[in-house]
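J.: pasting the sequence and the predicted model now:
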Amino acid sequence: MRVALLISMVLLLLAGCVQVQPQLSPLPTGTSAAAAPRTTIEATPLTAQPQPTQNPEMAMVVGVVVSKGGTDLKSPPETPVRLARVFWNADKSDGAFVLEGATSPSALVRQDGTFTLNNVPPADYVIVIGDTTSNDSVIKEPGGKARVITLEPGKTLDVGKIEVTPNP
């Protein structure tokens, strides 16, 4: 009880020592909000932010998304590209991939069809393109199995052109 009283007294004492500066007040004193003079501030364009540097312990994936039979991107720009982590059994003869919406590495396809995934933890992954809630594609090998990519620390893997069937 005494401590709370002492703290209250100190705060009151400090409050009395602080000088009020009306020029810093949100509204000029003695006027209403409607009558307050307005200040115009010119907006300055944002400068381009520097790109984050690649962590040498992580990997990078680059590639291009194209439509089947063509070289131009038919999917809309900003289509998600995600990496689903592959979890293997002890002898790597069988495995499963897991795509976690909140934590799986992801990027958006740019206007020219390219994508870059920076600072990806080294591991085995499967590439998933598209909206996972309704229309996505797992990139597959010619035999129909999911294409597994292996990422190594400090390396960039160029997956080349990935052909997808355009959405109708």
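T.: Alright, I've got the coordinates.

J.: CA only for contacts and neighbour counts going forward, please
T.: Noted.

J.: where along the protein do the strands fall?
T.: For the chain, the strands defined by DSSP state E cover 59-67, 80-88, 95-98, 106-108, 114-120, 124-131, 135-138, 148-150, 156-164.

J.: and Thr150, how close does it get to Asn119?
T.: Plainly put, Thr150 is 14 Å away from Asn119 if you go by C-alpha to C-alpha, to the nearest Å.

J.: so where's this structure shaky on pLDDT?
T.: Applying pLDDT under 70 to the chain flags the ranges 1-53, 69-76, 132-134, 166-168.

J.: need the strands of the chain in CSV (columns: mean neighbour count).
T.: Output for the strands of the chain, formatted as CSV (neighbours: other C-alpha atoms under 10 Å):
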stretch, mean neighbour count
strand 59-67, 20
strand 80-88, 20
strand 95-98, 14
strand 106-108, 19
strand 114-120, 20
strand 124-131, 20
strand 135-138, 14
strand 148-150, 16
strand 156-164, 16
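
J.: quickly list what the closest residue in space to Tyr125 that isn't next to it in sequence is bridged to.
T.: Among residues not flanking Tyr125 along the chain, Arg85 sits closest, at 4.5 Å (C-alpha to C-alpha, 6 or more residues apart in numbering). Beta bridges link Arg85 to Val98, Tyr125, judged by DSSP bridges.

J.: Thr116 bridge partners, please.
T.: Thr116 has these beta-bridge partners by DSSP bridges: Val62.

J.: follow-up on the earlier one: wait, doesn't the residue nearest to Tyr125 sit right on Val98?
T.: Yes: counting by C-alpha atoms under 8 Å, a contact exists between Arg85 and Val98, whose distance comes to 5.3 Å.

J.: now the end-to-end length of stretch 142-149.
T.: For stretch 142-149, the end-to-end distance is 15 Å (C-alpha to C-alpha).

J.: so which bits of it are buried?
T.: By 16 or more other C-alpha atoms under 10 Å, the buried positions in stretch 142-149 come out as Ala146, Val148, Ile149.

J.: for these, give me TSV that also has distance to Ala123.
T.: What follows is the buried residues of stretch 142-149, written out as TSV (distance: C-alpha to C-alpha, whole Å):
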residue	distance to Ala123
Ala146	15
Val148	10
Ile149	8
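
J.: relative to Gly130, which of these is nearest.
T.: Ranked by distance to Gly130 (C-alpha to C-alpha), the buried residues of stretch 142-149 are led by Ala146 at 15.4 Å.

J.: distance of the residue lying closest to that closest one once chain neighbours are set aside from Pro56?
T.: Once flanking residues are discounted, Ala146 sits nearest to Lys140: 4.2 Å by C-alpha to C-alpha, 6+ apart. Look at Lys140 and Pro56: by C-alpha to C-alpha, they are 29 Å apart.
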